[in-house]
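*Asks:* what would the 3D arrangement of this be:
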Amino acid sequence: MKSALPWYALLLPLVSAGAITLFTRRLKTLSSLISVAAVLGSFVCSCLIFGQKGLSAPELKWIDFGTVFTVPFGFVLDDLRLVLVSGIGALIHIYSLGYMRDDEGKSRYFAALSLFMFAMLGIVLANNFVMLFIFWELVAFTSYVLIGHWFERDAAADAANKAFFTNRIGDFGFMLGILLVWMSTGSVVFADIAPRLSILTSHPAFLTIAALLIFCGAVGKSAQFPLHVWLPDAMEGPTPISALIHAATMVAAGVYMLVRVGFIIQASPSALLVIAWIGTISALLAALIATQQSDIKRILAYSTISQLGYMMIAVGLASNEAAMFHLFTHAFFKALLFLGAGSIIIMLHHEQNIWKMGGLARHLPITFLTFVVGALALIGFPLFSGFFSKDTILALAYDHNMPIFVVALFTAFLTAFYILRLVVVVFFAKPRSDAARASDESPLVMTGPLIVLALLAWLGGYGFFARHFLAIPHEKELLLIVPVLAITAMILGAGLAIALYRNRTSEPIEVDLLRRLFYIDEFYRWLIDWTQELLASISAFFDRWIIDAGAVRGVSGGTWGIGALLRLIQMGNLQAYAFLFGLGIVALIYFAVFR
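*Replies:* Next up, the predicted model:
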C-alpha cells in the first residue's frame, strides 16, 4: 500500500529547520517548540509505519540517464531504524528544552538539531548509495555545527574541525567504494545491486577492495581505529548533542550502513576478517583509554567507541542480527548515560571532572538511580538489556574466532572496571567541591526522559519487547560457558574498581600511556607536521622566493633596471650627446683597425 507517511517522517524536521532559520530565530521558546513538535511528528509517523505492514512510499525520479546512470529518490522502510532514530531523537529534543533553556544560541541549536534529524532519517530511509552518501555528508555537516555550537570557545571550534576533517578521510574511501560498485554492477540502487552481485564475486580481489573502501566510511563515522580520535573531542558540544551522536544516530550510522549493504560485505571473507579485527582493536583500545580518563563525558565517549567495536565484531563475523541487537540496546543505555551525565553537569554548573564530584547519590537521587540502570546495562549485568546483546556477540566470537573472543572478554572486564570507577567516584564518598555539595536534582523536563530511557535500558533486551522491532539472534553456540565467563569478567572488573576507588579523592593509578591516549594524537600531529605542513612550507618558500622574487619580481626588476640605464643615456644635453657620439666613433675605429 502506497503512503506519504515516510515523506512526512523525513520532511517534518527539514521544515522545522527552515522555519526556525527563516522566521523564528529571535523567538527562542517558539523555535524550540517547533523543533520538538516536528520530531514528535516524525516519531508518530514512524510508529504508524511500524503498525502498517507492507507499506511503501511513492518513489520520485531524480537522476535518469537511461541505462547509464539512474538514481531514484526512494525509501527502504525499516521499522526498527526509523522508530529508533526518531524515538531517541524525540527524547533528546525534550531533554534539550531543560538543558538549553538559558542558552543564547537556543534557536540556532534547535534549527541544527532538526536538520541533523532530517539527515539521519534520510540515511536510514535511503534505498541507494547516492541518496545515502548525500545524507551521510549532511550528517557530517550538521554534527560539525552542533559540536561547535559554543564556537566562541577554541576547544569547541577545534573539536568541530577535527570531527569534520577526520570524517572526510573515511568518506573519501566510502566514495571510492561506491564508484567501484557502480562501475562493476552498473547500479547504485541496493535492490538492483543484489542480483548482480555475481559480477563482483567473480573477482574476489576487486570485491574485497570495494567492500573495505565502503567500510572506510563506517570507520570514520563510527569512530573506529584509526579514525576514532574525533569522537572524544566532540564532547565539547552540548551534552544532548553528545547523547544524540552516541546513541542511535551519527556514530551508529556506520553500523546501519554496513548492515544495509551486508550482501556486499558478507560476499568477501577477507573483508569480514578485517572488519572483525578493526572492531576488536577499537573495543580494546577505547576500553583501556577509558580507565584513565577523568572527564565524565570522555569516559562515556570511549565507552561508545568500545561498544561500536563489539558491533563491528558482529558484522565481521557475518551476523547482522547480532550487530543490530546490540545497537538496539546500546541506543537506550548510552542515551541514558549521556543524558544522566548532562543532568550531573548542568546541576554542577558545567563541571565535568569526576574528581570534583562525589556524594551525588544523595543530592540527585533520580539521576543516580537511572544512571546506575544504564551502567548495569552497559557492563552486561544479568537481566539488563546489555547482558543479552553483548553475550550474543561473545557467543558468536566464541564459536567462530577464539582470539577475538578472548580480547572481547577482556574488554568486558575493562568495561565493568571503568564504569564502576565512574559510578563510585561520582555518586559515593563525600562531595569534593562546593558545586557538588550544593547540587540538587534536575527539573522534570530532564528527569522524565531519564526515567523512560531507564525502563528501555532495562527491558530492551528481553524477547517479549525486542522481537517487535528486530530479529533477535538465537545462536546455537550460546553455551553456558559464555555467560558464565562474561559474568565472571564483569564481577572481577566491578569488584576491582570498587576496591581501588572507594573513598578515594584522587586517581590512585597513573598510566601515562593510557592517559596520553597511546600517543595516537601526537603521532597524527607529527605526521601532519612532516607531510602537510612540510609541503605547505616548501610551497610557501617556492611561491615567495622562486615565483614572486625570482620569476615575477626578477623580470619586473630587470626591466626596471634596464630602463634606469637607458634613462641615464637620455640626458637632454647636446654636449653630452656629442661626447657620446665621438666616443662611439672612436670605439668603432678601434675595433675596425686593432681587432
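
*Asks:* which other helices and strands does the lowest-mean-pLDDT helix or strand in the chain contact?
*Replies:* Lowest on mean pLDDT, DSSP states H and E among the helices and strands of the chain sits helix 553-569, with a mean of 77. Helices and strands touching helix 553-569, by 3 or more CB pairs under 8 Å, 6 or more residues apart in numbering; DSSP states H and E: there are none. Every C-beta, even on glycine, is put in place using the N, C-alpha and C of the backbone.

*Asks:* pull the CA atoms of it into CSV?
*Replies:* Taking Å, rounded to 0.1, in the frame of the first residue of the first chain, the C-alpha atoms of helix 553-569 are listed here in CSV:
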residue,chain,number,x,y,z
ARG,A,553,59.9,40.4,-9.3
GLY,A,554,63.0,39.3,-11.2
VAL,A,555,61.5,40.0,-14.6
SER,A,556,59.9,43.3,-13.4
GLY,A,557,63.2,44.3,-11.6
GLY,A,558,65.3,43.5,-14.6
THR,A,559,63.1,45.5,-16.9
TRP,A,560,63.1,48.4,-14.4
GLY,A,561,67.0,48.2,-14.2
ILE,A,562,67.4,48.3,-18.0
GLY,A,563,65.0,51.3,-18.1
ALA,A,564,67.0,53.0,-15.5
LEU,A,565,70.2,52.6,-17.5
LEU,A,566,68.6,53.9,-20.6
ARG,A,567,67.4,56.9,-18.7
LEU,A,568,71.0,57.7,-17.9
ILE,A,569,71.7,57.9,-21.7
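
*Asks:* so how far is that helix from its chain's centroid?
*Replies:* In terms of CA atoms, centre = their mean, to the nearest Å, the centre of helix 553-569 is set 60 Å apart from its chain centre.

*Asks:* just use 19 as the starting number from now, easier for me
*Replies:* Done: numbering now begins at 19, and the last item shifts to helix 571-587.

*Asks:* quick one: contacts of it?
*Replies:* Helix 571-587 is touched from outside by L598, with contacts defined as CB atoms under 8 Å, 6 or more residues apart in numbering.

*Asks:* what about K79, which helix or strand?
*Replies:* strand 78-82 (DSSP states H and E).

*Asks:* so what does that strand touch, helix or strand wise?
*Replies:* Strand 78-82 packs on strand 88-91, going by 3+ CB pairs under 8 Å, 6+ apart.

*Asks:* about what we covered before: so after the least confident helix or strand of the chain, what's the next helix or strand?
*Replies:* helix 592-612.

*Asks:* list the buried residues of that following helix.
*Replies:* Across helix 592-612, burial judged by 16 or more other CB atoms under 10 Å covers no residue at all.

*Asks:* for I317, see how far away S457 is.
*Replies:* S457 sits 19 Å away from I317, going by CB to CB, to the nearest Å.

*Asks:* check R571 too.
*Replies:* Counting by CB to CB - R571 and I317 are separated by 57 Å.

*Asks:* higher neighbour count, the two?
*Replies:* When R571 is set against I317 and neighbours are counted by other CB atoms under 10 Å, the residue ahead is I317, at 25 against 13.

*Asks:* how much space between that one and H264?
*Replies:* Distance from I317 to H264, by CB to CB: 12 Å.

*Asks:* what of L231?
*Replies:* Distance, L231 to H264, using CB to CB: 26 Å.

*Asks:* who has more neighbours out of those two?
*Replies:* Between L231 and H264, H264 has the larger neighbour count (other CB under 10 Å), namely 29 against 21.
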